[in-house]
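Colleague: Sequence first, then the predicted structure, then my questions.
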Amino acid sequence: MKARAFAYARPRTLEAAHAAFADAEGDASYISGGQSLVPALAMRLQAPACLVDLGGIDALKGIAFDDGVLRIGALTRHAQALSDPLIARHAPLLTAAAPFVAHPAIRNRGTLGGSVALADPASEFPAMMLTMDATMEIFGTDGLRDVPAADYFQDLYQTAIEPGEILVALKIPGAAPGTRIAFEELARRRGDYAMVGSGIMAQVDDGAVAQIAIGFFSVGATPVRARAVEALLTGRALDAAAITEAQAALDDDLDPPDDTQVPAAMRRHLARVVLGRLLTRIAGTPGEAP
Amino acid sequence: MNIFDRPAHTRGSPMDAPAPHQSHAGAGPHAAAGPHVGRPMPRPNAKRLLAGRGKYVTDLVLPRMLHAAFVRSPYAHARIVAIDTEAARAAPGVRLVATGADLARLCTPWVGTLDHFAGMKSAPQLPLPLDTVVWSGQAVVAIVAETRAEAEDAAELVEIAFDELPVVADLDTALGPDAPLVTPDFSDNICFHSAIDAGGVDALFAAAAHVVEDEFVFGRHTGVTLEPRALVADWDPSEEKLTVHHGTQTPFQFQDLYSRHYGIHESRVRVVAPDVGGSFGVKLHVYHEDMAVIGLTLLAGRPVKYVPDRLEAFVSDIHARDHRVSARAAVDADGRILAIDVKDETSIGAFSTYPRTSVVEGNQVIRLIGAPYRLEGYRASLDVVFQNKTQTSQYRAVGHPIACAVTEHLVEAAGRACGLDPFAVRARNVIPDTAYPAASLSGYRFEKLSHEACLASLRPLMDYDRLRAEQAMLREKGIHRGIGIAAFVEITNPTPAFYGVGGARISAQDGAIVKITPSGEVRCLISVTEQGQGTETIIGQIVADYLGVSREIVKVITGDTEVTPHGGATWACRGAGIGGETALQAARKLKHNVLAVAAAILQSTPDALDLIDGQVVERANGALRMSLAEVARIAYFRSDTLPAGTDAQLTVAHHFAPSGYPFAFTNGIHGCHVEVDAETGLVKILKHFVVEDCGRIINPLLVEEQVRGGVVQGLGAAFLEECRYDEAGQLTNGSLADYLVPMAVEMPDILIDHVETPTRDTELGAKGCGEAGTAAAAAAAMNAVNDALAPLGGRLTQIPMTPARILKALGTF
Amino acid sequence: MTATMSVALTVNGIPVSRMVAPRVTLADFLRFDLGLTGTHTGCEMGACGACLVRLDGVPVHSCLVFAVQADGAVVETVEGLSENGAIAGLQQAFHERNALQCGFCTPGMLVTAHALLEKGGVPSRDEIRDALSGNYCRCTGYEAIVDAIAAAARARAGAEAPHAEAEA
């Protein structure tokens, strides 16, 4: 199980990376943490002629909060999502999701940018980008551009990133004071891809839902926002009746795939269970002031 | 200081005194434990592994060494129309490309049948196929290159044209009236049929107060040793000598096979098994690639290394289980199980595995069902069926988990039918501890088992009554906990009545050479082998005690056909029972020789002397006479000073074969405590419990770790592990990301207690403990899950018990 | 372009430089270029944990890093951690508790355990099991490994805080 031979470049700038990619005439892959790419190379499922390592590009590093937006450099490791105080404060959903991402050693190497660029529909971080209404900052031929999450995830492993473009940063609106969050996934073993998972962030004012965002993963070809459920709950008190209605409404938001291990009907059921549990937690947990 | 705050009832912490096991056979020759046997001693050879200084075959690099890779069939059944290797031969680093025809010129075919399985059939096999592939993943072309990566590069350049043939990918297809034939030379897809009928079964069922019955499905799973299979084959044309460094349990078996199938003198074939990264039965079968590698080194005249990567391992390592069983039991009004009637159908690969066959598992299933219990009637049938899938054969606890799960499910049902608690129904039905020797209606003869004692121990170990009370309380809160128990009988230590009678050159005996070194230390070269279970440690303990020296000065050497005497090695739990007795008798013989020399020197008699902790002493009063080192010095360097006629034989060779009961049997009982999330189908295993009776315990620390490791393999099968195939015969989850092995988070702590019923067939009294954990873990887990689901109306009779199957059983979707 | 490249890194405290093909993983580089066979490969896809090494101070799968990516890095393997005594307490506890059988997973287990203990304190059994979630062991059933790590953590905590010695 050895990768096919490839050339390797480790540029220092976005422009140089872009040029290295272009030199390979499209037969290149960017590598960031490599925790999904290297197995694919080892199994020869992918075999680019050139591997362009983004690991040496300073422009992809750093975490900063400015003007209400948390900007997370693409090279930020999963482990930093667990430990970084800025992330914990302004994007607590990421911190809540991070322990569920694979295993400690994978988290030490895998990057948030790599995960969001790959856009595995079973992954936690891409779905949380969608939930948090993050904006993806992408470097391309014409320089930097911003793509909102709603437009970013397009199909199975397909995003708004064009060939040769580089995901530079994840820009997340800072969580408002009092935001309640909850995250859960159902996996057969710790660190496995979930059968179903979800993260919720909500504002609850005077007992009623002022704002709510509900994102699911492992329910389709892309991360999914439960927008019908969000609409149903907005303005409602999060009581048992509302939660039951929300679970019933969830079917309209999901179109899960069928597979032998988790048939579509089971996935829908599990999604309802997860939604019910998360909403119960949201209803019961007073927000922590960020 | 004991730094381990183990629960008090988990014996065998390293610093503990000898565990106060219940000794079940009373005082006998076994009671005379020396300072080592019976104690929880850490393994001397583990320190090397802890420092990263293990020497595994995967680590091995030899001068001039080449690497093999294989082109595999993408089809489960297809005719090979053409093979084009031209581009591969021209690829960088490639030194050799070989097809089936190339190797067939060197290697004679093999057939995986044994004579005592009457009527079984299997097609002849070669290292690589000549014209037909019979499972997806079968190796077709071998590439040998300077590096593994270059061999894989070249493998991509081989073009093979296939004509697809109809695929037999499930039991019903295989047994159907117009079934495609896996082997066209045969009239059907049946490898082997067997039946047992002890008589009177129909009458017992007709008269029964209750009949309980069910159908069971046991998923196909595989061994997943962390170190894959590995070998480096090194043919030296100058000496016409073949050396194979081989990650295996059974070096002598492979010496014989390589010699016979490649026509090389046995004396010029050496098989060396260094550190082996787990085996569990996986590494004692013939694999086509491994046989091919012998031919490749013959053709290349250079060492060839082959390590299947993990993806290759999933499609080429033996699989196991894959049974469909229907079973019923006749029960009287008092909850006595009168008779069991069972039908087992098991799917193997496209042929029977060589040289141990693929029918032993089914054979043991139908012979072990009901084994703990007194039955008046027993009837069973077995069909072993060919399919276009990876071969199956003996993997840890061969057949036991299936026999146990079927039996224990029926026993639970019998208890429910009669209003008996799980403990009560078993107490009513087990063969009483006082009733031995006894025999099963399937023909097994039991010297002495201890089901009653084990049942009695399990109840307090589990704190059963508290768990039941807690279960009732939590049910009111919607928390569904379940408690399951399962008794088992384990078959160990086969005599020549098994493979020998069947015609396989698989030895039932073992051999040891034990010698005193010139410094008065001890070396023991023995045919049993080490894969981490602690073989070398216990052999050292036994030699130390029965010779009369300290363990520290005993060096045990295993795993090299050029060094140790011939023997069966380590499988079927025979390391302790047969290997241990071999070491005991050899050590005793050597002690006799040492005392004879000492007596000659001291002008005493051997009977008047003893050897204790390396010192020759007066037997009567323990007075020190001379050191073993001094005996050795004189014998080796100053034999001129010995009295005339002194026969100083400080090296002895000794062989031992079991000759009493055809097999040794052990027994025990498991308990499993689970919590089922009825909404998600996920199960948390809260705790597992085992009371086991492996006969005399040589090292409780090692016994308990064998049991724990075995339990986790059993729980893996119960909840996680399954080789899933599609209708085209493609393995759909053949990677370590998709095939779920048990990991630390999901596995419970495991409490263990012991009952000791030594066998009287040997002086040592040990029987074996390697299968005890795996044998009953899944059965106990299934009973526990069903106990949890009972109030919700769900019942499972299929493993692994996946969330989907649990939710299905509950009618959730 | 697929030609070998020079790579220079520090392995177990010793600077090494080699020419290496870009496709060679750090695991294979350590095992076969440097002869450090204590690092094992069990799956070559980051699922088994046998190949864990410390890369710039944190455990990573050496099968999921190419050697050329480790240029300039500091790598420690089980051999180095043994030689410098960093895992001596763990090794002793593993030995006494027999927390290994075939030993193939053991180097990875030790690298994980060492990182867990570095965080300080005495982790609970659940925390230990969670830390081991990516380390596969087929032999032991894990409990002895958990016991050994807990014991090593207690011994370390005890050594740092003598008043905590009361624990059995």
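Modeller: Perfect, thanks for sending it. All values reported here derive from a predicted model rather than from experimental measurement.

Colleague: Looking from chain C, tell me which residue of the stretch 1-150 of chain A is nearest.
Modeller: Among all residues of the stretch 1-150 of chain A, residue A:103 sits closest to chain C, at 2.7 Å; criterion: C-beta to the nearest C-beta. For the C-beta atoms, the positions are set from N, CA and C on the backbone; glycine is no exception.

Colleague: list the contacts for that residue?
Modeller: A:190-191, C:49, C:133-134 (C-beta atoms under 8 Å, 6 or more residues apart in numbering or on different chains).

Colleague: redo that, cut-off 10 Å
Modeller: A:35, A:110, A:190-192, B:743, B:745, C:46-47, C:49, C:52, C:59, C:61, C:112, C:130-135 (C-beta atoms under 10 Å, 6 or more residues apart in numbering or on different chains).

Colleague: per-residue confidence for the residue lying closest to it once chain neighbours are set aside?
Modeller: Residue nearest to residue A:103 in three dimensions, not counting chain neighbours: residue C:134, with 2.7 Å by C-beta to C-beta, 6 or more residues apart in numbering or on different chains. You'll see residue C:134 listed with a pLDDT of 98.

Colleague: give me the number of residues near residue C:134?
Modeller: Look at residue C:134: counted by other C-beta atoms under 10 Å in any protein chain shown, it has 25 neighbours.

Colleague: again with the one 10 residues further on
Modeller: Residue C:144 is flanked by 25 other residues according to other C-beta under 10 Å.

Colleague: what's near enough to touch the nearest residue to it once chain neighbours are set aside?
Modeller: Distance criterion C-beta to C-beta, 6+ apart; nearest residue to residue C:144, sequence neighbours excluded, is residue C:99 at 4.1 Å. Going by C-beta under 10 Å, 6+ apart, residue C:99 touches B:42, B:46, B:50, B:705, C:90-91, C:93, C:106, C:109-110, C:113, C:137, C:140, C:142-149, C:151-152.

Colleague: Filter those down to the ones in helices?
Modeller: Secondary structure defined by DSSP state H assigns B:46, B:50, B:705, C:90-91, C:93, C:106, C:109-110, C:113, C:143-149, C:151-152 of the contacts of residue C:99 to helices.

Colleague: pretty sure residue B:408 is touching residue B:426, no?
Modeller: Yes. Using C-beta atoms under 10 Å, residue B:408 is in contact with residue B:426, at 8.7 Å.

Colleague: And the helix or strand bottoming out on mean pLDDT in chain C, what does it pack against?
Modeller: Least confident element among the helices and strands of chain C, by mean pLDDT, DSSP states H and E: helix C:143-160 (a mean of 94). With contacts taken as 3 or more C-beta pairs under 10 Å, 6 or more residues apart in numbering or on different chains; DSSP states H and E, helix C:143-160 sits against helix B:700-719, strand B:749-756, helix C:88-97, helix C:106-118, helix C:125-131.

Colleague: Include mean neighbour count, mean pLDDT and distance to residue A:224 when you put these into a markdown table, please.
Modeller: Output for those, formatted as a markdown table (neighbours: other C-beta atoms under 10 Å in any protein chain shown; pLDDT from 0 to 100; distance: least, C-beta to C-beta, whole Å):
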| stretch | mean neighbour count | mean pLDDT | distance to residue A:224 |
| --- | --- | --- | --- |
| helix B:700-719 | 28 | 97 | 29 |
| strand B:749-756 | 24 | 98 | 39 |
| helix C:88-97 | 23 | 98 | 44 |
| helix C:106-118 | 25 | 98 | 34 |
| helix C:125-131 | 19 | 98 | 28 |
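
Colleague: Out of those, flag the one nearest residue A:152.
Modeller: Closest to residue A:152 of the helices and strands packed on helix C:143-160, according to C-beta to C-beta: helix C:125-131, at 31.8 Å.

Colleague: and the closest one with chain B, contact?
Modeller: Yes. Helix C:125-131 comes into contact with chain B (C-beta under 10 Å from any C-beta of the partner chain), by way of C:125-126, C:128-131.

Colleague: Identify the contacts common to residue B:408 and residue B:426.
Modeller: With C-beta under 10 Å, 6+ apart as the test, residue B:408 and residue B:426 both reach B:372, B:485-487, B:669.

Colleague: Find the residue closest to residue B:136 in space, skipping its chain neighbours.
Modeller: Excluding its sequence neighbours, the residue lying closest to residue B:136 (C-beta to C-beta, 6+ apart) is residue B:76, at 4.3 Å.

Colleague: The one you found and residue B:170 touch, don't they?
Modeller: No. Look at residue B:76 against residue B:170 with C-beta under 10 Å: they stay out of range, at 11.5 Å.

Colleague: Touching both of those two, which residues are there?
Modeller: Residues touching both residue B:76 and residue B:170 (C-beta under 10 Å, 6+ apart) are B:387, B:389, B:725, B:727, B:729.

Colleague: out of those, which are buried?
Modeller: Neighbour-count burial (16 or more other C-beta atoms under 10 Å in any protein chain shown) applied to the shared contacts of residue B:76 and residue B:170 gives B:387, B:389, B:725, B:729.

Colleague: circling back to that earlier point, sort out for me which of the contacts of residue A:103 are in helices.
Modeller: C:112, C:130-131.

Colleague: Of these, just say which sits nearest to chain B.
Modeller: When these are compared against chain B (criterion: C-beta to the nearest C-beta), the nearest one is residue C:130, at 5.9 Å.

Colleague: Can you tell me the closest non-neighbouring residue to the closest one?
Modeller: Nearest residue to residue C:130 in three dimensions, chain neighbours excluded: residue B:745, at 5.9 Å (C-beta to C-beta, 6+ apart).

Colleague: ok, the one you found to residue B:546 distance?
Modeller: 44 Å (C-beta to C-beta, to the nearest Å).

Colleague: before we move on, what about residue C:96?
Modeller: Counting by C-beta to C-beta, the gap between residue C:96 and residue B:546 amounts to 26 Å.

Colleague: Please name the spatially closest residue to the residue nearest the centre of chain C (chain neighbours excluded).
Modeller: By C-alpha atoms, centre = their mean, chain C has its centre lying nearest to residue C:111, at 2.1 Å. Excluding its sequence neighbours, the residue lying closest to residue C:111 (C-beta to C-beta, 6+ apart) is residue C:52, at 4.1 Å.

Colleague: and what of residue B:310?
Modeller: With sequence-adjacent residues excluded and distances taken as C-beta to C-beta, 6+ apart, residue B:310 is closest to residue C:43, at 4.4 Å.

Colleague: The residue of the stretch 101-250 of chain A found nearest chain B: neighbouring residues, count only.
Modeller: Across the stretch 101-250 of chain A, the shortest distance to chain B (C-beta to the nearest C-beta) belongs to residue A:190, at 3.9 Å. Each residue near residue A:190 was counted by other C-beta under 10 Å, and the total is 18.

Colleague: same question, residue B:185
Modeller: As a burial measure, residue B:185 scores 8 neighbours (other C-beta under 10 Å).

Colleague: Identify the residues contacting the nearest residue to residue C:11 once chain neighbours are set aside.
Modeller: Using C-beta to C-beta, 6+ apart and skipping residues adjacent in sequence, the residue nearest residue C:11 is residue C:75, 4.8 Å away. By C-beta under 10 Å, 6+ apart, the contact set of residue C:75 is C:9-13, C:16, C:26, C:29-30, C:34, C:36, C:39, C:53-56, C:60, C:62, C:65, C:67.

Colleague: Let's verify residue C:75: helix, strand, or coil?
Modeller: Put simply, residue C:75 is strand when judged by DSSP: H, G, I helix; E, B strand; the rest coil.

Colleague: Quick check: the gap between it and residue A:10.
Modeller: Using C-beta to C-beta, residue C:75 is found at 17 Å from residue A:10.
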